[in-house]
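> no sequence on hand, only this structure:
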């Protein structure tokens with residue numbers, strides 16, 4: 001398949017291919033491993049929009065810390081087998097690029113992952129997933145799951161977006177006021193919604209029951225990141241803070257200062273049941289102001 005001139009296929013490490021996008025509207029990188037968006041910086045931004053850990057493990061079959069990991073077909077630990085890979089299999093398998101197009105002010109890419117003997121060792125269902133990515137002044141990522149099995153399947157999922165910020169202690173997240181949330185720091189507890197915006201002075205790991213988008217206000221870098229979504233009943237907000245950062249081998253101890261995750265997801269009561277022959281689509285978009 002031929003690529004437009006603005007996209008090149010390069011090896012980040014030996015045997016570890018990535019697509020590099022150099023376009024007038026944005027620069028970006030996507031790993032074949034996990035169809036993982038590693039970078040997106042629209043023209044005019046002096047700081048990256050997506051956070052990538054400098055200690056990320058860039059090996060085939062390993063998840064990448066940062067960017068936008070694809071959590072699918074389960075979010076978090078496997079419900080019954082802790083030996084299964086956390087956050088599912090989509091982020092640790094190679095995806096096939098079906099097409100790539102330069103469309104004026106944006107670049108569009110379409111990837112595919114299909115069930116095979118390797119996926120069935122982890123998950124018994126037959127499926128086809130398509131991941132569409134559009135890079136430009138706006139970033140859009142859409143994940144479609146088609147059930148090609150003879151029986152229904154139930155999935156949980158997340159587009160696990162890491163956002164770069166200047167100083168997490170000064171960041172506020174608005175748009176989730178009043179939404180109930182599962183607080184998973186310590187003993188998981190369902191809590192009633194709060195009217196205040198979200199701020200960060202400790203570990204935050206919450207699954208909000210909300211279809212709405214959010215605004216991340218980053219006064220240190222003088223910008224606001226708007227994260228919108230479709231097909232998602234859960235919004236995850238996460239920052240590991242001090243102690244958890246120290247426990248994550250692929251994240252520098254002080255990295256928590258410079259990022260948070262805002263994830264379009266379907267988890268808990270928002271799990272998705274897909275009938276045979278049917279499909280489900282989840283979409284996230286990120287814009288910068």
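Received, thanks. Values in this document were obtained by computation on a predicted structure and should not be read as measured data.
> helix or strand: which one has residue 10?
Using DSSP states H and E, residue 10 maps to strand 7-13.
> list the buried residues for that strand?
residue 7 (16 or more other Cβ atoms under 10 Å). (C-beta placed from N, C-alpha, C; glycine too.)
> listing partners with orientation, what would you give for that strand?
Here strand 7-13 is paired, per DSSP bridges, with strand 16-22 (antiparallel).
> before we move on, back to that, what does the strand holding residue 10 rub up against?
3, 17-22, 31, 58-59, 100, 102, 107, 109 (Cβ atoms under 8 Å, 6 or more residues apart in numbering).
> average model confidence for it?
When pLDDT is averaged over strand 7-13, the result is 96.
> next one: that strand to chain centre, how far?
With Cα atoms, centre = their mean, to the nearest Å as the basis, strand 7-13 stands 21 Å off its chain's centre.
> which pair of the contacts of strand 7-13 spans the longest distance?
For the contacts of strand 7-13, the farthest-apart pair by Cβ to Cβ is 59 and 102; their separation is 30.5 Å.
> which of those two has more residues huddled nearby?
Higher neighbour count among residue 59 and residue 102: residue 102, with 17 against 13, using other Cβ atoms under 10 Å.
> so what's the more buried one up against?
Each residue near residue 102 by Cβ under 8 Å, 6+ apart is listed here: 4-7, 23.
> make it 10 Å
Shown in contact with residue 102 (Cβ atoms under 10 Å, 6 or more residues apart in numbering): 3-7, 21, 23-25, 108.
> again with residue 179
Here residue 179 is in contact with 192-194, 206, 208-212, 234-235 (Cβ under 10 Å, 6+ apart).
> closest one of those to residue 78?
Checking the contacts of residue 179 against residue 78 with Cβ to Cβ, the nearest one is residue 234 at 17.7 Å.
> now the closest one: how far from residue 282?
As judged by Cβ to Cβ, to the nearest Å, residue 234 and residue 282 stand 10 Å apart.
> and the two? Which one has more around it.
Using other Cβ under 10 Å as the criterion, residue 234 and residue 282 rank with residue 234 on top: 27 against 23.
> would you list the phi and psi of residue 270?
phi -100, psi 10 (degrees, to the nearest 10).
> check the gap between the residue of the chain positioned farthest from its centre and residue 275 for me.
Here the chain reaches farthest from its C-alpha mean at residue 150, the gap being 29.0 Å by Cα atoms, centre = their mean. According to Cβ to Cβ, residue 150 stands 11 Å off from residue 275.
> same deal with residue 56?
Counting by Cβ to Cβ, the separation of residue 56 from residue 275 is 37 Å.
> so between the two, which is more surrounded?
More crowded of residue 56 and residue 275, by other Cβ under 10 Å: residue 56, with 17 against 12.
> got the confidence number for that one?
98.
> element containing it, please.
Assessed by DSSP H and E, residue 56 sits outside every helix and strand.
> of the contacts of strand 7-13, closest to residue 37?
So of the contacts of strand 7-13, ranked by how close each gets to residue 37 (Cβ to Cβ), first place is residue 31, at 8.3 Å.
> burial count for the residue nearest to the closest one when sequence neighbours are not counted?
Excluding the flanking residues, the one nearest residue 31 by Cβ to Cβ, 6 or more residues apart in numbering is residue 18, at 4.8 Å. For residue 18, the neighbour count with other Cβ under 10 Å is 19.
> surely residue 18 is in contact with residue 39?
Yes. Taking Cβ atoms under 10 Å as the definition, residue 18 is a contact partner of residue 39 at 9.4 Å.
> the contacts of residue 179 in strands, which ones?
Using DSSP state E, the subset of the contacts of residue 179 located in strands is 206, 208-209, 234-235.
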